[in-house]
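S.K.: Task: produce atomic coordinates for the following.
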Amino acid sequence: MEEPVYYWDPVIAPSGLAFYTGTLFPQWQGSIFVGGLAGKVLDRLTLQNNKVVAEEPLLTELNARIRDVRVGPDGAVYVLTDSGASAVSPTTSPTSKLLKLTPK
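M.R.: Purely as a prediction, here's the structure:
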């Protein structure tokens, strides 16, 4: 058994992971994005020599659970939030969102 390369304490309840290989954000090349359900964060990890050397919490102002993160063919970062509700019905408010992150 090996120790993890990186972990969160307190745990963010990781959900979804994407390596950034797009071109819209050149400064993010090689970054790893991790969604956090309990942490309500999109975490950007910077790697050097297979080690995490920096962590940047993003989207904390949303105060939303991050269910998944993907990098689109257009280079944008797509983030799916999660309302935390256990069931969806016609009366459920649409609190989950699909966000598209692009440069300003």
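
S.K.: Contacts only, for the nearest residue to I32 once chain neighbours are set aside.
M.R.: The shortest distance from I32 to any non-neighbouring residue, by Cβ to Cβ, 6 or more residues apart in numbering, is to L45 (4.4 Å). Backbone N, C-alpha and C define where each C-beta goes, glycine included. Counting by Cβ atoms under 8 Å, 6 or more residues apart in numbering, L45 touches Y6, S31, I32, F33, V34, V52, A54, E55, E56.

S.K.: Would you mind identifying the next helix or strand past whichever strand or helix holds L45?
M.R.: Per DSSP states H and E, L45 falls inside strand 41-48. Next helix or strand after strand 41-48 toward the C-terminus (DSSP H and E): strand 51-58.

S.K.: Neighbouring strands of that following strand in the sheet, and parallel or not?
M.R.: The strands beside strand 51-58 in its sheet (DSSP bridges) come out as strand 41-48 (antiparallel).
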